[in-house]
Each structure stands twice: as structure tokens, then as C-alpha cells.
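[1] below is the sequence, then the predicted model.
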Amino acid sequence: MADPSSIRGVDAFCSWSGGKDSCLALHRAVKQDLRPRMLLTIMNETGARSRSHGLAMDVLQQQAAALNIPLVMRSASWNEYERVFMETLEWIKSNGIEYGVFGDIDLEDHLEWVRRVCGSVGVKPIQPLWKSDRRDLIDEFLRSGFRATIISVKDEVLGPEFLGRELTLDLADEFREAGIDPSGEEGEYHTVVTTGPLFSGSLELVNKGVVRRDGYSFLDFASRLK
């Protein structure tokens, strides 16, 4: 794993979920003078929504436009995910990019997967958030000027009334008091970043209701870049 303190001037892609953790990882890396050249998102089989957060293609494209970073999307089933990811890493490396930024915090199995797939193609992973305090990361994210909205919740943990709420420190503390990880690192909830210091504009979300699938409730929304 590449040392986040020694990435000055390197070109890298960012594994991009559209949520708070990948965004803060990118922000920390850019503050170390890393040059982001691509955002990488794996979509579902149809290419309509992202595998990680269920974000529509146009939302991801609006984020990429606001960040002024090219977006690379590939489609895969869960069974094909690893193969497609590795093939995409090989393509990225063939374009002269040998580093990748990932937003993992402290789940060892996630880290080991990233190390294995990146190592298999000679890409060096960078983990700017690794072993940071989960609650402190939310504080840093918000104090840096980013804003994010909750767009999915795990049904067995949180109710759909949390969908569409903006992430705040008070909400994070509310989660913690209820015995729920405030950062959602175990998939308790996911967010979409709507604006921040890396963005040239902001995403405006229009609530269209709730969709339930695979044990999760998702906010169905339209968005536009302002």
C-alpha cells in the first residue's frame, strides 16, 4: 500500500462511490498534491446504477463534471465484479496511471481485497482514511465544507425516514447513541455528496419516493447540477 504522505505529484484514479468516504479520501489525497486523473465506478449489469450506492448514471456524471475529473464506468454483476475491476485496472495502468485512491476506513477484509486486486496488476493502492476515527472523519468531511445526503439505508438497521436527510454531526451522534456506527462503514447507510471544496457547483436533489430492494431502502431522486 502506498504511503499517503509520499504521493506528491503522482497521477491516480479514485475508486468513486459518489459518497462521503471516497470523496474525503480524494480530498485528503489532493491536499497531498496527488493529481486525480480518473474516477472509477462499477455499475450494475444494465449500467443504469452504481453497484455500491445505487446511484444513477446521470448523478455520477454530474459529480464528475463538478469535479472536472473524467468518469470511467464499467458494468458487472456481483459475480463478475472482481474480474471486471481487475480488467479495468489493467486498462487504467496502460494509460500511465499506476496509483489508485480508495476510501476504506478500517475493515481489514476490504483492505486485503484492494491490496490483492491492485497487486495482481501492479497498481499501488492509496488509503488516505485508513485507521482514522470514524466519527472524526464525519467531522472533517463537514468542516471541510462538503455536504452529503443519505440516499440508502439497511432496512434491519434504519428506517426510511432517514432517506433524504442531510448528514450532520447531530445526525451522526444520533446514530451513535442508537448503537449504530456513525460513519455507516458496515453499510448501515450510504450518502451522495452534493457539493464541497473540490466541486465547481452543487447537485440539487428532488425526492421522488422510496424504492426497496435486497434488504435496503433507496431514495428515488432526480438531480441537476447548479
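    Received it, and whenever you're ready, just let me know what you need.

[2] send me stretch 51-65 as CSV with only the CA atoms.
    Extracted C-alpha coordinates of stretch 51-65, given in CSV (Å, rounded to 0.1, in the frame of the first residue of the first chain):
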residue,chain,number,x,y,z
ARG,A,51,-23.0,-1.2,-7.6
SER,A,52,-22.0,0.4,-4.3
HIS,A,53,-24.6,3.1,-3.7
GLY,A,54,-27.3,2.5,-6.4
LEU,A,55,-26.6,6.0,-7.9
ALA,A,56,-28.0,6.7,-11.3
MET,A,57,-25.5,7.3,-14.1
ASP,A,58,-26.5,11.0,-14.6
VAL,A,59,-25.8,11.7,-10.9
LEU,A,60,-22.3,10.3,-11.2
GLN,A,61,-21.8,12.2,-14.4
GLN,A,62,-22.9,15.4,-12.7
GLN,A,63,-20.5,14.9,-9.8
ALA,A,64,-17.6,14.2,-12.3
ALA,A,65,-18.5,17.4,-14.2
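
[3] now do stretch 36-51: distance from first to last residue.
    22 Å (C-alpha to C-alpha, to the nearest Å).

[4] show residues contacting that stretch.
    Contacts with stretch 36-51, where a contact means C-beta atoms under 8 Å, 6 or more residues apart in numbering, come from 11-18, 26, 29-30, 52, 55-57, 60, 63-64, 67, 69-78, 81, 84-85, 88, 92, 97, 100-101. Glycine gets a C-beta too; all of them are placed from N, C-alpha and C.

[5] could you identify the buried members of those?
    If you count burial by 16 or more other C-beta atoms under 10 Å, the buried members of those come out as 12-18, 26, 29-30, 52, 55-57, 60, 63-64, 67, 69, 71-74, 76, 84-85, 88, 92, 97, 100-101.

[6] tell me what the least confident helix or strand in the chain by mean pLDDT is packed against?
    When the helices and strands of the chain are scored by mean pLDDT, DSSP states H and E, helix 169-177 comes last with a mean of 89. Packed against helix 169-177 by the contact rule (3 or more C-beta pairs under 8 Å, 6 or more residues apart in numbering; DSSP states H and E) you find helix 134-143.

[7] the helix it packs on to helix 169-177, inter-axis angle?
    Computed by axes from the mean of the first three to the mean of the last three C-alpha atoms, to 10 degrees, the angle separating helix 134-143 from helix 169-177 equals 170 degrees.

[8] show me what the following helix or strand past helix 134-143 is packed up against.
    With elements assigned by DSSP states H and E, the helix or strand that comes after helix 134-143 is strand 147-154. Counting contacts by 3+ C-beta pairs under 8 Å, 6+ apart, strand 147-154 is packed against strand 189-195, strand 216-225.
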